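Peer 1: Sequence first, predicted model second:
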2 protein chains.
Amino acid sequence: MVDDRQGAGADRLRANDSPAGLRARLSDVAAEANVTKSVASRVLNQDPTLKVREETRARVAQAAERLGYQPHSGARALASGEAGALALLLPDLSNPVFSRILRGAFVRALARHYMVVVVEEDPGVEATEQVTDLVRSGRVDGLLIGTARPGHPLFERDLAAFPHVFVNRPVAGSHRNVYLDFREASALAVEHLLSLGHRRLAHIAGPVDVTSAHEREKGYQAALASHGLGRGPVVHGTFDEEGGAEATSRLLRRHPEVTGVYVSSLTQAVGVLHAARALGRPAPGGLSVISFDDSPLARYLDPPLTCVSTSLEELGERAVDALISQLEGQLVGDVVISGQSNVVRRQSTAPV
Amino acid sequence: MVDDRQGAGADRLRANDSPAGLRARLSDVAAEANVTKSVASRVLNQDPTLKVREETRARVAQAAERLGYQPHSGARALASGEAGALALLLPDLSNPVFSRILRGAFVRALARHYMVVVVEEDPGVEATEQVTDLVRSGRVDGLLIGTARPGHPLFERDLAAFPHVFVNRPVAGSHRNVYLDFREASALAVEHLLSLGHRRLAHIAGPVDVTSAHEREKGYQAALASHGLGRGPVVHGTFDEEGGAEATSRLLRRHPEVTGVYVSSLTQAVGVLHAARALGRPAPGGLSVISFDDSPLARYLDPPLTCVSTSLEELGERAVDALISQLEGQLVGDVVISGQSNVVRRQSTAPV
DNA sequence: GCGCTGAAGAAAACCGGTTTTCTAGGAGGC
DNA sequence: GCCTCCTAGAAAACCGGTTTTCTTCAGCGC
């Protein structure tokens, strides 16, 4: 019948498919430069094993430029096995701590030609499944895990073999941690309070099973010990305003003698200021309050909050670097970000 | 030579390539179910044009289940032309407003089998380029644009033909807007102040070129007009604490007679409370303050902030729905989310 | 004059799906 | 008994890259 003619027609149409269409394909670039796909690909990817004349190389580069060539990410992922994307697992996006980590990770990843896919671990179990899918569908090449907790379902899986680093919340013995020097930061906070004459200190910590919070707590105790003050009181609360407020009322009930507290996070500190006020111990007169982590908000609280500022953006950046190193085959080991913390004095702390 | 043997060996190896390897491929599923790839694919994707016995269908489903089959996203994107991902463009992730929109979008997208890729428009120009790359590399199927401003570089491009909706910040005449009923929310705020006896009101607005802020401003004026109060004073400020504080001092200098203000955003409101305090007009006695948008923070400010709560998560959800409809070929038109706002009374507003 | 070697690039296989086209076999109509 | 039509599925083309293998040709030594 007419099958043959149709077939030929279709073929010709396809072969002629003008590069003026929508996107330029690699074959368009190759045709424009009078080379084959393979040469075009290898020139554009700087394949060191390729031998070409400089002139040809230039022709390909110009053709790509002229056509505005942008490789199809799916095709590339399929052929090369690399997705060019990283997943970042965060517990809570509404917390500025994590949006700052995200920002750092994002910018750094972009500079290194990777995308970042954010996953918020909201509904617990579902997020795990989602991450599994992300990995198994080949959408990402590695995981930046900011949600680590002991016994987290993620570690039960076979994902252990998949490239990953732990961001902010270290996992002991993993040798894949990127985190702030919590000891250092805690020492600064304690020393600030001591320098104002406070001797009866307390720590309002985060949840017991969050390692980053636990590190701050240990840093606090270590700092007290190094000043010969023995162990100090600690109360735990969730990482939000309510957790801070609730912990404060527990603290002041049990330890009314405390005059200075070091709070584990800024969101908690907002609740601490509130509760202190409500309990007739407004900062700084009734209680000196210093918080881990800074943000523009801190300046506008009542009273403006003294903080230990941290470099969360750098945390995100370094985590991306560590993960990419891992993808390239080098295991990096733990990365501890030190020497970046400093106390920002505002009005929530005062001499005794 | 031995080429043939090697070739055959390689082929056999590949053909035998056990599904116990790493990922199950479609061909593994097909082999397991004793059908061809095409049948397997069409069964799993519920192709309505496929004719198969129910029994075969079940065999394929079971095989996929047994092997834990997850299609390779790159391969699928390449073959089908659909990436299965949407980009969400946001101006500032550290602002909880946007993280809530993101959360809503994320959850909804997931339920509809799409990923969300977030892009923060930090460094201005670069972000535009980044979005262009995202689109042209076929990584996303559509754009959720939360960064619209008149004259934004994105609209100059040929992206107009690419599926997109505007989230939160409407663009007049685009017929692709998904936004809150700002008029309604502003009316509630104004009426709340009026109900407390305030008659000299003012509005602390966002940047002049942000349409969502402009809508609130118009809503404020409309509400005043509908109560026969003529036009009220408006001062503009950036969408952060400092912008709110600075606008407040300008306002109180020019209009000291004002007793109630409606603030365009919660971050600004923090600055407003601060500035009012600093200027000897602490809320609520010196100035009643009501803010657009609510958050847990508001409860813990001093004084706790009266807010018009909004459903930003729903905004994200509806935007995703609208965009997916568009991908499916139906142009939806503007979506205005009404009837969800209500005033949350706290202590920053009081009778005159 | 001839085989050898290396440079420069062409050709083809492959990644893992989707989608279109093709075909074997059985039922039904006449 | 033969043709047609339909069902159920097989076969193959294609998406746009990457990567491995092959080919051609010039220069060289002898």
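Peer 2: Alright, I've got the coordinates.
Peer 1: Tell me where chain A has strands.
Peer 2: A:85-90, A:115-120, A:142-145, A:164-167, A:177-180, A:201-205, A:234-236, A:260-263, A:288-292, A:306-309, A:335-337, A:342-344 (DSSP state E).
Peer 1: List just the one of those that sits closest to residue A:58.
Peer 2: Set against residue A:58 and scored by Cβ to Cβ, those come closest in strand A:115-120, at 29.6 Å. Where C-beta positions appear, they are placed from N, C-alpha and C, glycine not excepted.
Peer 1: packing partners for that closest one?
Peer 2: strand A:85-90, helix A:96-111, helix A:125-136, helix B:96-111, strand B:115-120 (3 or more Cβ pairs under 8 Å, 6 or more residues apart in numbering or on different chains; DSSP states H and E).
Peer 1: ok, which residues in chain A are in contact with DNA strand C?
Peer 2: Proximity of chain A to DNA strand C, by Cβ under 7 Å from any atom of the strand, involves residues A:3, A:7, A:34-39, A:50-53, A:55-56, A:75, A:78-79.
Peer 1: Now which of those would you call buried?
Peer 2: A:35, A:39, A:56, A:75, A:78 (16 or more other Cβ atoms under 10 Å in any protein chain shown).
Peer 1: For the residue lying closest to the fourth one once chain neighbours are set aside, give me its contacts.
Peer 2: Read that as residue A:75. Spatial nearest neighbour of residue A:75, chain neighbours left out: residue B:78 (4.9 Å); criterion: Cβ to Cβ, 6 or more residues apart in numbering or on different chains. Residues near residue B:78 by Cβ atoms under 8 Å, 6 or more residues apart in numbering or on different chains: A:72, A:74, A:75, A:78.
Peer 1: and which of these is nearest residue A:192?
Peer 2: Using Cβ to Cβ, those come closest to residue A:192 at residue A:74, 52.8 Å.
Peer 1: residues touching residue A:321, list them.
Peer 2: Applying Cβ under 8 Å, 6+ apart, the residues near residue A:321 are A:108, A:112.
Peer 1: Could you tell me how far it is located from residue A:107?
Peer 2: 12 Å (Cβ to Cβ, to the nearest Å).
Peer 1: from the contacts of residue B:78, which ones fall inside helices?
Peer 2: A:74, A:75, A:78 (DSSP state H).
Peer 1: export these to CSV and tack on pLDDT?
Peer 2: Converted to CSV, those look like this (pLDDT from 0 to 100):
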residue, pLDDT
A:74, 97
A:75, 97
A:78, 96
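Peer 1: Could you show which parts of the stretch 151-300 of chain A are in contact with chain B?
Peer 2: Within the stretch 151-300 of chain A, the positions near chain B by Cβ under 8 Å from any Cβ of the partner chain are A:240-242, A:245, A:267, A:270-271, A:273-274, A:277, A:295-297, A:299-300.
Peer 1: Buried only: go through those for me.
Peer 2: Buried among those (16+ other Cβ under 10 Å): A:240-242, A:245, A:267, A:270-271, A:273-274, A:277, A:295, A:297, A:299-300.
Peer 1: Leaving out chain neighbours, which residue sits closest to residue A:66?
Peer 2: residue A:32 (6.9 Å).
Peer 1: and which of the contacts of residue B:78 is nearest to chain B?
Peer 2: residue A:74 (3.2 Å; Cβ to the nearest Cβ).
Peer 1: That closest one touches residue B:84, doesn't it?
Peer 2: No - contact criterion Cβ atoms under 8 Å: residue A:74 and residue B:84 do not qualify, at 9.7 Å.
Peer 1: More neighbours: which of these two?
Peer 2: A side-by-side neighbour count of residue A:74 and residue B:84, using other Cβ atoms under 10 Å in any protein chain shown, places residue A:74 first with 26 against 20.
Peer 1: Chain neighbours aside, what residue packs nearest to that one?
Peer 2: Using Cβ to Cβ, 6+ apart, the closest residue to residue A:74 is residue B:77 (3.2 Å).
Peer 1: Over to residue A:286?
Peer 2: That would be residue A:276: by Cβ to Cβ, 6+ apart, it lies 6.0 Å from residue A:286.
Peer 1: before we move on, back to that, want to throw the contacts of residue B:78 into a markdown table with distance to residue B:172?
Peer 2: Below are those laid out as a markdown table (distance: Cβ to Cβ, whole Å):
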| residue | distance to residue B:172 |
| --- | --- |
| A:72 | 35 |
| A:74 | 36 |
| A:75 | 39 |
| A:78 | 42 |
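Peer 1: Break chain A down into its domains, please.
Peer 2: A:3-69, A:83-180+A:313-337, A:182-311 (automatic domain parsing).
Peer 1: Of the helices and strands packed on strand A:115-120, which is nearest DNA strand D?
Peer 2: strand A:85-90 (14.8 Å; Cβ to the nearest atom of the strand).
Peer 1: What are the contacting residues of the closest one?
Peer 2: So strand A:85-90 is contacted by A:98, A:101-102, A:105, A:109, A:114-121, A:127, A:131, A:134-135, A:139-147, A:154, A:167, A:320, A:323 (Cβ under 8 Å, 6+ apart).
Peer 1: ok, now stretch A:275-286?
Peer 2: A:244-246, A:248-249, A:252, A:273, A:287, A:289, A:303, A:347-350, B:302.
Peer 1: which residues sit in contact with residue A:264?
Peer 2: By Cβ under 8 Å, 6+ apart, the neighbours of residue A:264 are A:203, A:204, A:205, A:206, A:213, A:216, A:217, A:239, A:291, A:292.
Peer 1: would a markdown table of these with distance to residue A:89, pLDDT and neighbour count be doable?
Peer 2: Converted to a markdown table, those look like this (distance: Cβ to Cβ, whole Å; pLDDT from 0 to 100; neighbours: other Cβ atoms under 10 Å in any protein chain shown):
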| residue | distance to residue A:89 | pLDDT | neighbour count |
| --- | --- | --- | --- |
| A:203 | 27 | 98 | 28 |
| A:204 | 26 | 98 | 32 |
| A:205 | 23 | 98 | 26 |
| A:206 | 18 | 97 | 25 |
| A:213 | 17 | 96 | 23 |
| A:216 | 21 | 97 | 26 |
| A:217 | 23 | 97 | 21 |
| A:239 | 16 | 95 | 22 |
| A:291 | 25 | 98 | 32 |
| A:292 | 22 | 97 | 32 |
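Peer 1: Near the closest residue to DNA strand D within the stretch 151-300 of chain A, how many other residues are there?
Peer 2: Distances between the stretch 151-300 of chain A and DNA strand D by Cβ to the nearest atom of the strand are smallest at residue A:163, namely 16.9 Å. Per other Cβ under 10 Å, the neighbour tally for residue A:163 reads 20.
Peer 1: wouldn't it be in contact with residue A:326 here?
Peer 2: Yes - under the criterion of Cβ under 8 Å, residue A:163 makes contact with residue A:326 at 4.9 Å.
Peer 1: pLDDT-wise, which helix or strand of chain A ranks last?
Peer 2: The weakest-scoring helix or strand in chain A, judged by mean pLDDT, DSSP states H and E, is helix A:3-16 (a mean of 30).
Peer 1: From residue A:83, how far out is the residue of the stretch 151-300 of chain A closest to DNA strand D?
Peer 2: Residue A:163 is 11 Å from residue A:83, by Cβ to Cβ.
Peer 1: where do the contact lists of the two overlap?
Peer 2: Contacts common to residue A:163 and residue A:83, judged by Cβ under 8 Å, 6+ apart, are residue A:141.
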